[in-house]
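K.L.:
Using only what follows, build the 3D model:
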Amino acid sequence: MIKIVYAGLLGVAQDIKSLIQGIDFKKLDAELHLYGGGNQKEDIKGYIARCPDRGVFFHGYVEPTELREVLKQYDAALIPLATYIKGAVPSKIFDTLPLGLPILFCGDGEGAEIVRKYQVGFVSPPNDEKGLRDNILRLSQMTEQDRKMIGEREKKVAREEFDFEKQMDKCHQFIKGLVYAEYEKNIISKQ
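P.N.:
The predicted structure follows:
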């Protein structure tokens, strides 16, 4: 059985409510564990109470200091973005990479590109229940070793591509280059 986790805002942009109503995780030999709060929280809790045998569990809010340890208990992370916002990349991707949890990304845009480019999980379009079901089955049919390989790739990508300090250094170098180029341009134009 694959244990999937979603930890974050339970709102319209993520639309976890529609996902759990459309997918019977138990039939996929999977479980979805939810942590967080938001405007869909009560609807989600109500749905789980009415349909307790669909493999969905709500655990409420977890302190950010405890979240990393909680997430390590799971086999994969669900990261949905039901509403595409140009340039928006769910921060959960960057939080998940260092943990080595394969990502089930439901959405478009830059987030989907990251998951595909670095091969750190599987992507389905937003609100595509069949695509997410297929990806859950695909993940569950992988060997534990194959899932670990994805996890190791994620950790490497987190260190080499998305390390905060490295990103800040690249940003600093970029800005420094722009400033220097502008300075040179101004000096040359005055000569």
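
K.L.:
Only the buried residues of stretch 23-36, if you could.
P.N.:
23, 25, 26, 28, 30, 31, 32, 33, 34, 35, 36 (16 or more other Cβ atoms under 10 Å). Placement of C-beta: from N, CA and C, glycine included.

K.L.:
again, but for stretch 163-176
P.N.:
For stretch 163-176, by 16+ other Cβ under 10 Å, it's residue 163.

K.L.:
And the helices in the protein?
P.N.:
16-22, 41-50, 64-71, 91-96, 109-118, 129-140, 144-160, 164-190 (DSSP state H).

K.L.:
So which of the ones you listed is nearest residue 77?
P.N.:
helix 91-96 (4.6 Å; Cβ to Cβ).

K.L.:
May I have the closest one as PDB, with CA atoms only?
P.N.:
C-alpha atoms of helix 91-96 as PDB (Å, rounded to 0.1, in the frame of the first residue of the first chain):
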ATOM      1  CA  SER A  91       6.700  26.100  -2.400                       C
ATOM      2  CA  LYS A  92       5.800  22.500  -1.400                       C
ATOM      3  CA  ILE A  93       8.000  21.300  -4.200                       C
ATOM      4  CA  PHE A  94      11.000  22.900  -2.700                       C
ATOM      5  CA  ASP A  95      10.000  21.600   0.800                       C
ATOM      6  CA  THR A  96       9.500  18.100  -0.500                       C
END
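
K.L.:
follow-up on the earlier one: tell me which of the helices of the chain lies nearest to residue 7.
P.N.:
Using Cβ to Cβ, the helices of the chain put helix 64-71 closest to residue 7, at 6.0 Å.

K.L.:
Quick one: find the helix or strand in the chain with the lowest mean pLDDT.
P.N.:
helix 164-190 (a mean of 71; mean pLDDT, DSSP states H and E).

K.L.:
low-confidence ranges in the chain?
P.N.:
By pLDDT under 70, the low-scoring segments of the chain are 179-191.

K.L.:
Residue 9 versus residue 91, what's the distance?
P.N.:
Using Cβ to Cβ, to the nearest Å, one gets 11 Å for the distance from residue 91 to residue 9.

K.L.:
of these two, who's got more company?
P.N.:
Using other Cβ atoms under 10 Å as the criterion, residue 91 and residue 9 rank with residue 9 on top: 17 against 11.
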